[in-house]
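Engineer: I'll drop the sequence and a predicted model, then ask my questions.
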Amino acid sequence: MTTETLTLVEAEALVTSVLIAADTSPENAASTARALVRAQADGQGGHGLSRLPSYAGQSAVGKVQGHAVPVIEDVKPGVFRVNAGHGFAYPAFEMAIPELATRARSQGIAAAAVYRSHHFGVAGHHCEALAEQGLIAFVYGNAPKAMAPWGAKEPMLGTNPIAFAAPMQGAPLVIDMATTTVARGKILAAREAGKDSIPEGWAFGPDGQPTTDPVTALAGTVAPMGGAKGAALALMVEVMSACLVGAAFGAEASSLFDAEGGAPNLGQLIIAIDPGPISGGAFEARVADLAALYDDMDGARLPGLRRLTARQIAQRDGVQIDATLLAKIRAFL
């Protein structure tokens, strides 16, 4: 596989310019570029630059409103909604997170519903931003149908990620998982890079049979994580991010991978908790004790080390991007 190395600054500039060329406002393009490049730097290529051809294509035809300006709608002291205006999700999250932090410190707990939204990238990044401010955070977000309910063959549920973060000494603890065996973006990344196979166990074709072909996999379903348990978790996320937010179900949302149809109209729910008051002041010491237990146990490590290592390397050396993908991206300019 042929690759090209870009510095993080070069990668952000490229993404921003492509999105602007596809009729996205400079502010929204810059926000989206920061998110995609951060995902790429953290080793999450399925949420990184592999998304840019579909993002740009959707903005160019108005499936994503590239000039949307998110709006906060107050509900209660600890609850608010953010209307993303059928635009990219990242500007809405950048607006929501500071407001969540303020309300969580005031109320002890706060929640934000992001609606008329789109793909929101690495769920853990949004939680991490709150944990860096001393807060515990949860994010639930739904996605277009990609997974069949357990025992069925037809897709109905999305990959529906769950993310959690908590402040710790040093970097926050971040736990981020799709409810499928892999995020569907990894299959997209394989297709965009021109790969002819993906690992066994990732997906099923439209006929319900296992497949290693990324094109067939994208036409079929992604395998749930842990079988029936993963499918049940995906259903929980659907309730939290579609029913509770007032957004489209995964079965109703249009694809995030092409420019066909209307806006996906996805939803996300973010919860922020101030850990000090609710723990009676014990949280900081208790979480430090928990980390120490991991440090003292042979073979154990807290989640996130790989992410942080990849981030440090990318900051120093840049990111390697598949040449086939880069050619698709530059064709928009």
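Structural biologist: Now that the structure is in, tell me what you want to look at. Residues are numbered from 1 along each chain as shown.

Engineer: can you count the residues close to Asp289?
Structural biologist: For Asp289, the tally of surrounding residues (other Cβ atoms under 10 Å) stands at 10. For every residue, glycine as well, the C-beta is placed using N, CA and C.

Engineer: doesn't it belong to a strand?
Structural biologist: No - the assignment for Asp289, made by DSSP: H, G, I helix; E, B strand; the rest coil, is helix rather than a strand.

Engineer: how much space between it and Ala104?
Structural biologist: 24 Å (Cβ to Cβ, to the nearest Å).

Engineer: tell me the mean pLDDT for stretch 4-15?
Structural biologist: For stretch 4-15, the mean per-residue pLDDT is 98.

Engineer: swap in stretch 32-52?
Structural biologist: 96.

Engineer: measure it end to end?
Structural biologist: 10 Å (Cα to Cα, to the nearest Å).

Engineer: gap between that stretch and the chain center?
Structural biologist: Its chain's average C-alpha position is 10 Å from that of stretch 32-52, according to Cα atoms, centre = their mean, to the nearest Å.

Engineer: mind listing what's buried in that stretch?
Structural biologist: Residues of stretch 32-52 classed as buried under the neighbour-count rule (16 or more other Cβ atoms under 10 Å) are 32-52.

Engineer: list the contacts of Thr181.
Structural biologist: 201-203, 222-225, 230 (Cβ atoms under 8 Å, 6 or more residues apart in numbering).

Engineer: and what of Ala29?
Structural biologist: So Ala29 contacts 15-17, 19-20, 66 (Cβ under 8 Å, 6+ apart).

Engineer: and if you look at Val122?
Structural biologist: 35, 38-39, 42, 44, 47, 176.

Engineer: again, only this time at 7 Å
Structural biologist: 39, 42, 44, 47, 176 (Cβ atoms under 7 Å, 6 or more residues apart in numbering).

Engineer: same check on Leu6?
Structural biologist: By Cβ under 7 Å, 6+ apart, the neighbours of Leu6 are 14, 318-319, 321.

Engineer: got a winner among those for most neighbours?
Structural biologist: Val319 leads the contacts of Leu6 on contacts (other Cβ under 10 Å) with 24 neighbours.

Engineer: show me where the chain has strands.
Structural biologist: Using DSSP state E, the strands of the chain run over residues 3-6, 71-76, 79-83, 109-117, 136-141, 162-166, 173-177, 203-204, 210-211, 221-222, 266-273, 319-322.

Engineer: what sits closest to Glu10 if chain neighbours are left out?
Structural biologist: Gly318 (7.4 Å; Cβ to Cβ, 6 or more residues apart in numbering).

Engineer: quick one: the one you found and Val37, what's the gap?
Structural biologist: 10 Å.

Engineer: what is in contact with those two at once?
Structural biologist: Joint contacts of Gly318 and Val37 (Cβ under 7 Å, 6+ apart) are Leu8.

Engineer: hey, where'd the helices end up in the chain?
Structural biologist: Counting by DSSP state H, the chain has helices at residues 8-21, 26-41, 52-61, 89-107, 123-131, 184-192, 214-219, 228-238, 275-278, 283-295, 305-317, 323-330.
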